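Chemist: Structure for this input, please:
(one chain, ligands or ions: 1)
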Amino acid sequence: MRLANRIEHLGTERAFAVSQAAREWAARGNRVYPLHLGDINLPTPANIVAAQQRAIAEGKTGYCAPAGIPELRAALAEDVGARRGLQYQPENVAVQPGGKPVITKFIQALINPGDEVLYPAPGFPIYESQIDYFGAVAKPYRFVETPRGFAIDLDFLSAQITPRTRALIFNNQQNPLAAEATDAELERLAELAIRHDLWVLADEAYFETRYSGESRSIVSLPGMQPRSVILYTFSKKFAMTGWRLGAAIAPARVSEIFAQLNVNDESCTAHFAQWAGVEAVRGDQAGARAICAQLRLCRDALFAAVADTPGLRAAKPESAFYLYVNVADAMDKRGFTDVNDFAAAALRETGVAFCTRRHFGRLLAGEAEHYARFAYSGISVDDIRDGMSRLRAWLDGADGPH
Ligand SMILES: Cc1ncc(COP(=O)(O)O)c(C=O)c1O
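Modeler: Take a look at the predicted model:
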């Protein structure tokens, strides 16, 4: 079969392979503890579901404006702006079928082949995939492990910038690290973006999934709004991953181009889902608060279990729903040198499924791989406790390679 050459450069989410392995293991009658899923096992709040049903009953089932219905654009402009201390107008909002399309449209609209794009490694793997696919040059930046969690190695990032660098992809409240920049780090990033005239994709998928303190956006810093595109999604805050509803919040001309890409790609985002989005943003927030409260219980249970397991080490995250765990000692204990072999054996021996560093983009030269991502959004507190006690028992009983 003769495929287009560019397909060679298209990446994927390799984490789906872990889901496949977990499904196969469960299909053979085994208990699986799903700590690999980036999905949420909670229902979408009832008022949002009802708004969609109303919209369908009212016949909101035809095409609508490519940039989104005016009501949703206005609601998002207000809400996203207010939470960041910024002014946005409806013209700044291009509704999308999820947050993910903002990544591909950012690259399509703003990046030429050969341009360099800085992106986090480890990070959400679609950044790298889309940079490669459109013929740009992927320039990963790295993180260092600190007592408060992971922090961007800003000197390294800065050294990666060349005259060909055109954009910075920045995911605060990060997947998979749950890393967040301090105020000083945000300022330094913004200063670099301005000095080198970079576009910034601010992936803020987890901006409102947090357990203490307040999220800060790089876009709120002086000089950043005109060079930034915010990735907004309903997926995480409102447990709406399968609805496919999100938006790009961008300078008006960029948002217009995103809408033109919508015309070419999907015409519009599902019309009735957008009415549910209006209810999500403007309606009763009790459902969103309950989702966050439940995720916090899961975070607490998982963090306590990891802290209690010799061989595992992680900082306590205050946002997103991941623990990025250093498993170097656990691998040593069981005699593994390959983190994916370790994960496969953990699934086989304990039923605990998790992703590893390898699922989050290419490795940097010399990068240590002994890390695993434990997601706590798709599993109950009881199952977190059960699964982690099995994992601990397996590690405690270590007597050499298995
Ligand atoms: C960092 C990050 N960005 C974007 C997305 C895309 O989410 P969605 O397309 O469901 O909005 C995800 C989903 O896991 C994510 O983790």
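
Chemist: Return the distance of the least confident helix or strand in the chain by mean pLDDT from the chain's centre.
Modeler: For the chain, using mean pLDDT, DSSP states H and E, the weakest element among its helices and strands is helix 15-27, scoring a mean of 90. Centroid separation between helix 15-27 and its chain, computed with Cα atoms, centre = their mean, to the nearest Å, is 20 Å.

Chemist: what's the answer for stretch 380-389, then?
Modeler: Using Cα atoms, centre = their mean, the mean C-alpha position of stretch 380-389 is found 23 Å from that of the whole chain.

Chemist: contacting residues around that stretch?
Modeler: For stretch 380-389, the surrounding residues in contact (Cβ atoms under 8 Å, 6 or more residues apart in numbering) are 33-35, 41, 297-298, 301-302, 305-306, 309, 350-352, 376, 379. Every C-beta, even on glycine, is put in place using the N, C-alpha and C of the backbone.

Chemist: The residue of the stretch 1-150 of the chain found nearest the ligand: what's it in contact with?
Modeler: Proximity to the ligand, evaluated over the stretch 1-150 of the chain using Cβ to the nearest ligand atom, is greatest for Gly99 at 2.8 Å. With contact taken as Cβ under 8 Å, 6+ apart, Gly99 is in contact with 203, 205, 231-233, 235, 246.

Chemist: Between these, which sits nearest Ala27?
Modeler: The shortest distance between Ala27 and any of the contacts of Gly99, using Cβ to Cβ, involves Ser235 and amounts to 27.1 Å.

Chemist: Get me the contact residues on the stretch 1-150 of the chain for the ligand.
Modeler: Listed as neighbours of the ligand in the stretch 1-150 of the chain under the rule Cβ under 6 Å from any ligand atom: 38, 98-100, 124.

Chemist: In strands only, show me the residues you listed.
Modeler: Secondary structure assignment (DSSP state E) places none of these within strands.

Chemist: So for the helix or strand encompassing Asp300, what gets flagged as buried?
Modeler: Using DSSP states H and E, Asp300 maps to helix 286-307. Buried residues in helix 286-307, defined by neighbour count with 16 or more other Cβ atoms under 10 Å: 287-288, 291-292, 294-296, 298-299, 301-303, 305-306.

Chemist: go on, stretch 111-123?
Modeler: Judged by neighbour count using 16+ other Cβ under 10 Å, the buried positions of stretch 111-123 are 111, 115-123.

Chemist: cool, and stretch 324-338?
Modeler: Taking 16+ other Cβ under 10 Å as the neighbour-count basis, stretch 324-338 is seen to contain the buried residues 324-328, 330-331, 333-334, 336.

Chemist: right, and the helix or strand after the helix holding Asp300?
Modeler: With DSSP H and E, the next secondary element past helix 286-307 is strand 322-326.

Chemist: ranges for the helices of the stretch 1-150 of the chain?
Modeler: Per DSSP state H, counting those that start in this stretch, the stretch 1-150 of the chain carries helices over the ranges 15-27, 46-57, 70-84, 100-110, 125-133.

Chemist: can you list those in a markdown table and add distance to Val144 and mean neighbour count?
Modeler: Conversion of those to a markdown table gives the following (distance: least, Cβ to Cβ, whole Å; neighbours: other Cβ atoms under 10 Å):
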| stretch | distance to Val144 | mean neighbour count |
| --- | --- | --- |
| helix 15-27 | 24 | 16 |
| helix 46-57 | 40 | 16 |
| helix 70-84 | 27 | 19 |
| helix 100-110 | 25 | 22 |
| helix 125-133 | 20 | 22 |
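
Chemist: related to what we said a few turns ago, the residue of the stretch 1-150 of the chain closest to the ligand and Val281, how far apart?
Modeler: Separation of Gly99 from Val281 (Cβ to Cβ, to the nearest Å) stands at 15 Å.

Chemist: Output stretch 367-383 as CSV, nothing but the C-alphas.
Modeler: What follows is the C-alpha trace of stretch 367-383 in CSV, where atoms were taken according to Å, rounded to 0.1, in the frame of the first residue of the first chain:
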residue,chain,number,x,y,z
GLU,A,367,17.8,10.7,30.2
ALA,A,368,17.0,8.3,33.1
GLU,A,369,14.0,6.2,32.3
HIS,A,370,13.1,4.9,35.7
TYR,A,371,9.8,6.7,36.1
ALA,A,372,6.2,5.7,35.9
ARG,A,373,3.0,7.7,35.7
PHE,A,374,0.3,6.6,38.1
ALA,A,375,-3.0,8.3,37.1
TYR,A,376,-5.7,8.4,39.9
SER,A,377,-8.7,9.6,37.8
GLY,A,378,-10.0,6.3,36.5
ILE,A,379,-10.0,4.2,39.7
SER,A,380,-11.8,4.2,43.1
VAL,A,381,-10.1,5.0,46.4
ASP,A,382,-10.7,1.4,47.6
ASP,A,383,-9.1,0.0,44.4
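
Chemist: touching the ligand at all, it?
Modeler: No. Using Cβ under 6 Å from any ligand atom, stretch 367-383 stays clear of the ligand, with a minimum separation of 9.4 Å.
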